[in-house]
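# Give me a 3D structure for the following:
(one chain, ligands or ions: 2)
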Amino acid sequence: MRTPMQDVAPQDYRDAMACLGAAVSIVTTDGGAGRAGFTASAICSVTDDPPTLLVCINRASSAYASVTRNKVVCVNVLSARHEPLSRLFGGKVPAEERFAAAAWSTLETGAPVLADCAAAFDCRISDIVNVGTHDVLFCRVVAVQKTGCTGNLIYFGRAYHTVGVTDLAETGPESALGRS
Ligand SMILES: NC(=O)c1ccc[n+]([C@@H]2O[C@H](COP(=O)([O-])OP(=O)(O)OC[C@H]3O[C@@H](n4cnc5c(N)ncnc54)[C@H](O)[C@@H]3O)[C@@H](O)[C@H]2O)c1
Ligand SMILES: Cc1cc2c(cc1C)N(C[C@H](O)[C@H](O)[C@H](O)COP(=O)(O)O)c1[nH]c(=O)[nH]c(=O)c1N2
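Ligands and ions are numbered 1, 2, ... in the order given. Model prediction:
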């Protein structure tokens, strides 16, 4: 006989998840349903054939309607210097103010590409799965832009950190992992 699923408390779950460090990206969209973007850490690679990544988006997010109606996103992987931009896209700031703070271009889909991000994955959303408060977006990658993967922004222990040495001669090896 099956026993009913026993969930842990959301706070216990979040406390444990705070130990799971993750890269920080800004996920953007543009199209008939408008331009929008949000800071995201719930992103990972699914398969390289066909190149597919997943993004988890809270259905309460101001970007949700635009993302799911436009059906395109660009995942802009952030460097340490983008921490202020990450805070801006982290909520409660109007979309126009978020985008005014940086330079953007486009690749294939028209979703905004952050000019100097570490890497950008331009995607068409192929599938959406509802799970609890979030939608899991499966995103087919149709173009990439790669600028450089040093000094990347990480969110770990409820704080921003940097991984990867930016300039050893200038900063010294101790700066390879720094808390901000
Ligand atoms: N996946 C997400 O939606 C997600 C991830 C990170 C942060 N956030 C947002 O940033 C705020 C601050 O986060 P924090 O890390 O400083 O402290 P926190 O205690 O709220 O969260 C700790 C960790 O729990 C997970 N988490 C938090 N809220 C979540 C949610 N609604 N859905 C799924 N996972 C969630 C994330 O891994 C997060 O890093 C959160 O309250 C949340 O609104 C959301
Ligand atoms: C470091 C970090 C990481 C994440 C977030 C925040 C921060 C600071 N947020 C929250 C998200 O950025 C925020 O809720 C949106 O900007 C929505 O806010 P508005 O509704 O636009 O004000 C977030 N939201 C989401 O739907 N999926 C995610 O993976 C993440 N990850």
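# what's stretch 112-120 in contact with?
26, 28-30, 35, 37, 74-79, 82, 85, 99, 102-107, 122, 144-150, 152 (CB atoms under 8 Å, 6 or more residues apart in numbering). C-beta coordinates here come from the backbone N, C-alpha and C atoms, glycine included.
# Sort out which of the residues you listed are in strands and list them.
26, 28-29, 37, 74-77, 104-105, 122, 144-146, 152 (DSSP state E).
# Separate out the buried members of the residues you listed.
For the ones in strands among the contacts of stretch 112-120, a burial check counting by 16 or more other CB atoms under 10 Å picks out 26, 28-29, 37, 74-77, 104, 122, 144-145, 152.
# Pick out the most distant pair among these.
Greatest spacing in those, by CB to CB: 29 and 152 (22.7 Å).
# so how far does stretch 87-103 reach from one end to the other?
Start-to-end span of stretch 87-103 (CA to CA, to the nearest Å) is 16 Å.
# That one close to ligand 1?
No. Applying CB under 6 Å from any ligand atom, one finds stretch 87-103 out of contact with ligand 1, separated by at least 6.6 Å.
# any bit of that stretch sitting next to ligand 2?
Yes. Counting by CB under 6 Å from any ligand atom, ligand 2 has neighbours in stretch 87-103: 89-92.
# Just the buried ones out of the residues you listed, please.
residue 89.
# what sits opposite residue 140 in the beta ladder?
Judged by DSSP bridges, the bridge partners of residue 140 are residue 52, residue 124.
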